[in-house]
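J.: Quick check, what structure comes out for this input:
(one chain, ligands or ions: 1)
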Amino acid sequence: MRITRALWARLTGKPLALCDIGDVDGVASAALFKRRYPHGVVVLMGPNDVRKWWVRALRWDFVADLPCPGKARVRADHHITNKPCAEEEYYDPNAPAAAVLAAKALGLEGDPVARELVEAAVQTDTAKVSDRRVMLLDLAVRYASEEEKYTVVNMLAEKGLAALDAEPLKMLTERGLARHGLVLKIADALPRADVLTIYVPTRLGISYRMLTIELQKRGTQFVNVLVKKGWRGFRLYCGANRDSGYNCAELAAKFGGGGHKFAAGAHIKAPLFKPDAPIWNLVNITRPKALYVITKCDRSICVQEWAPSRSHERREILRIEDVRAAEGRSHIRLNLYSSQT
Ligand SMILES: [Mn+2]
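T.: Residues are numbered from 1 along each chain as shown. Now for the predicted structure:
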């Protein structure tokens, strides 16, 4: 529990940090804090959680890659939309990663392990990953649970990227690779269409943002992935190419969300008596040639093509066998076949 961690630190007088849970930059910043204060306590959360009452009520010694929680002593951040607030700000919207500023704030610039962590954060935050170890760390963090991320923070603080060879981080990199393999297989199975509209009715355990990126790499100009979360809940991921003329921010706004022109998203709640309305709204707005449904079937993942004009026609275009293996640490065994039904 986040609140328990934070209260524990306050009661025992340990330094307390708040860092972004979402990516390598936040996790690396947290590791830098732990490197400087090995007995310090880190709390990881996303930018929306920072507004919670107990987060605002507490005083944080160090905040990284997140908006102001209210009371902060030192803050390291590079988001132009986050306003400075801490007693001591290390704020630079031109910095490639918050970890660069965190290392400065914590006085770790001469530390070789810190330099490694900063470099990893810069490579991932600028999407220019040149080091294979950084790629592995990115995948490990992307698919790690919250508890696993705290372990990653501690391991990175102690050993830097050398921690990638030690358990349990090694297992997390293998799981990340396996799940990413699944993302690549799904992306390869979908057609090279200008506009792709995808519906995911069940949790697949993959990063849908990564799927939009992989599809754009393969030539799609405008991709929308709608993922069902619970009975009436949906999550939309939109990706648009820079010179395509498509606008994700505009589309996401129609569903009550927001973001950038090239990447945006929304949390959607369907009307009480029309629980599938978001799917058909998305189809009506994006007007794709077909709707692609990626779902679990038996122990596999299937990609089906639905022609919206003839709504009962479904064609299975991909079947990935043995999903359980993909979710575990072993490599995925893939078995592809096309079938007409
Ligand atoms: Mn960042």
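
J.: Spatially, what comes nearest to the residue in the stretch 101-250 of the chain positioned nearest to the ion if we skip its sequence neighbours?
T.: Closest residue of the stretch 101-250 of the chain to the ion, C-beta to the ion: Asp125 (4.6 Å). Quick note: C-beta positions are derived from backbone N, CA and C, even for glycine. Ranked by C-beta to C-beta, 6 or more residues apart in numbering and with sequence neighbours excluded, the top spatial neighbour of Asp125 is Ala97, at 4.2 Å.

J.: That neighbour: what's it in contact with?
T.: Taking C-beta atoms under 8 Å, 6 or more residues apart in numbering, we find Ala97 in contact with 25, 28, 78, 118, 121-122, 124-126.

J.: pretty sure Asn94 belongs to a strand, no?
T.: No - applying DSSP: H, G, I helix; E, B strand; the rest coil, one finds Asn94 to be coil, outside a strand.

J.: count of residues packed around it?
T.: When neighbours are defined as other C-beta atoms under 10 Å, Asn94 has 6 of them.

J.: can you pull the contacts of it?
T.: Contacts of Asn94 (C-beta under 8 Å, 6+ apart): His78.

J.: So for it, what's the pLDDT?
T.: On the pLDDT scale, Asn94 is placed at 90.

J.: How about Met135?
T.: 94.

J.: where's the residue of the stretch 101-250 of the chain closest to the ion relative to His78, distance?
T.: 8 Å (C-beta to C-beta, to the nearest Å).

J.: Now do the shared contacts for the two.
T.: In contact with both Asp125 and His78: 96-98, using C-beta under 8 Å, 6+ apart.

J.: okay if I get the residues you listed as TSV plus distance to Leu196?
T.: Converted to TSV, the shared contacts of Asp125 and His78 look like this (distance: C-beta to C-beta, whole Å):
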residue	distance to Leu196
Pro96	31
Ala97	31
Ala98	33
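
J.: Helices of the protein, residue ranges please.
T.: For the chain, the helices defined by DSSP state H cover 2-12, 24-36, 53-57, 98-105, 112-125, 132-142, 146-159, 169-189, 208-217, 248-254, 277-286, 323-327.
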